[in-house]
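Novice: sequence unknown, structure follows:
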């Protein structure tokens, strides 16, 4: 028997940003691709893995884990101990193992991915127009965590039980929502509501349409994204911007803006390749860029604008429903 064909086992400890980024489903797919048995679980320190099979396959698996991790993952350390085979059958994702000191890094919130955005905009999809759509590649992470390891029960999603369809996606290794902890749909909840003039408006479509009408009328809204609230108004409406400054007691400090898309951004500011890459990045940062136009009251006494692109499903829904193409988005603290 050649060394490559010899049956071996490896115990792996992975540290870094490896929870909340689809890392366990990734490990599951890699192990199955190389015909390996074993298990993977979250721990307080990161991710623990046991793989066993032919030595050549195990070594290829280790290489894939180091070089092909999900885009949002950061593998800071991957420690390998060669151990005796446990004669596992198949490869499974075990329940998380709490206990010990919490040293793992948690992923930041991730902007809506292209696949979820397509579903959000598809009238035939079950999550059409659903503002909480997400998968293992996008959605809330850090903002919803209440404890470690990262599992649904240790997030603010714990009160919402999955329905049969979501549960089927959650346990299907071929589905991109496999072990997506914030998994949700219109049946499961949660749901958005709009409180306006002492009335509570519910229903995603009515909430979005009413919010758009208010923004277009020059009103100021508190808009909940993934991680908190922004105070928002039409950036091209000088009266609305002035009213927002008065309410925040913020006389001169520039406001950041969220724009509908890159085309709008390019009309407002000069964008370089690096600026475009940052704007489109999964972190969706506010990017300071040289201004092309002057928007009264938005960024006084400066030649730059702070721009960002939509990052939450609700933002995309607002712009698609006709919200002003440039919105002031300032923290509601």
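Specialist: Great, that's in hand. Here the structure is a predicted model, which is why all the values come from computation and not from measurement. Residues are numbered from 1 along each chain as shown.

Novice: use CA for all of it now, contacts and neighbours both
Specialist: Noted.

Novice: Name all residues that make contact with the closest residue to residue 268 other than its chain neighbours.
Specialist: Leaving aside its sequence neighbours, residue 268 sits nearest to residue 292 (CA to CA, 6 or more residues apart in numbering; 5.2 Å). The contact partners of residue 292, taken as CA atoms under 8 Å, 6 or more residues apart in numbering, are 267, 268, 269, 270.

Novice: Please, where are all the helices along the stretch 201-333 of the chain?
Specialist: Per DSSP state H, counting those that start in this stretch, the stretch 201-333 of the chain carries helices over the ranges 204-216, 238-248, 262-268, 273-280, 313-320.

Novice: winner for burial among those?
Specialist: Of all the helices of the stretch 201-333 of the chain, helix 313-320 carries the top mean neighbour count, a mean of 21, counting by mean count of other CA atoms under 10 Å.

Novice: packing partners for that helix?
Specialist: If contacts are counted by 3 or more CA pairs under 8 Å, 6 or more residues apart in numbering; DSSP states H and E, helix 313-320 sits against helix 204-216.

Novice: so what does the helix it packs on touch, helix or strand wise?
Specialist: Using 3+ CA pairs under 8 Å, 6+ apart: helix 204-216 touches strand 193-196, strand 221-224, strand 229-234, helix 313-320.

Novice: Export the ones you listed as a markdown table, with columns for distance to residue 97 and mean pLDDT.
Specialist: Listed next are the helices and strands packed on helix 204-216 as a markdown table, based on distance: least, CA to CA, whole Å; pLDDT from 0 to 100:
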| stretch | distance to residue 97 | mean pLDDT |
| --- | --- | --- |
| strand 193-196 | 36 | 96 |
| strand 221-224 | 33 | 96 |
| strand 229-234 | 33 | 97 |
| helix 313-320 | 32 | 98 |
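
Novice: Can you check which of the ones you listed gets nearest to residue 171?
Specialist: helix 313-320 (23.9 Å; CA to CA).

Novice: so the closest one versus helix 204-216, what angle?
Specialist: Relative orientation of helix 313-320 with respect to helix 204-216: 60 degrees, computed using axes from the mean of the first three to the mean of the last three CA atoms, to 10 degrees.

Novice: now what about helix 313-320, what contacts it?
Specialist: Residues external to helix 313-320 that are found in contact with it (CA under 8 Å, 6+ apart): 112, 117, 120, 129-133, 208-209, 211-212, 225, 260, 310, 325.

Novice: Just the buried ones from the residues you listed?
Specialist: By neighbour count, with 16 or more other CA atoms under 10 Å, these hold 112, 117, 120, 129-133, 208, 211-212, 225, 260, 310, 325 as buried.

Novice: tell me the pLDDT at the residue nearest to residue 111 when sequence neighbours are not counted?
Specialist: Once flanking residues are discounted, residue 111 sits nearest to residue 311: 4.4 Å by CA to CA, 6+ apart. You'll see residue 311 listed with a pLDDT of 97.

Novice: Could you do residue 228 as well?
Specialist: So residue 228 comes in at 88 (pLDDT).

Novice: if I look at it, how far off is residue 271?
Specialist: Relative to residue 271, residue 228 is positioned 28 Å away (CA to CA, to the nearest Å).

Novice: higher neighbour count, the two?
Specialist: Using other CA atoms under 10 Å as the criterion, residue 228 and residue 271 rank with residue 271 on top: 20 against 12.

Novice: the bottom helix or strand of the protein by mean pLDDT?
Specialist: One helix or strand of the chain scores below all others by mean pLDDT, DSSP states H and E: strand 105-106, with a mean of 80.

Novice: for that one, packing partners?
Specialist: Here strand 105-106 touches strand 7-19, going by 3+ CA pairs under 8 Å, 6+ apart.

Novice: Indicate each strand paired with the strand it packs on and its parallel or antiparallel sense.
Specialist: Using DSSP bridges, the strands paired with strand 7-19 are strand 46-54 (antiparallel), strand 74-83 (antiparallel), strand 105-106 (parallel).
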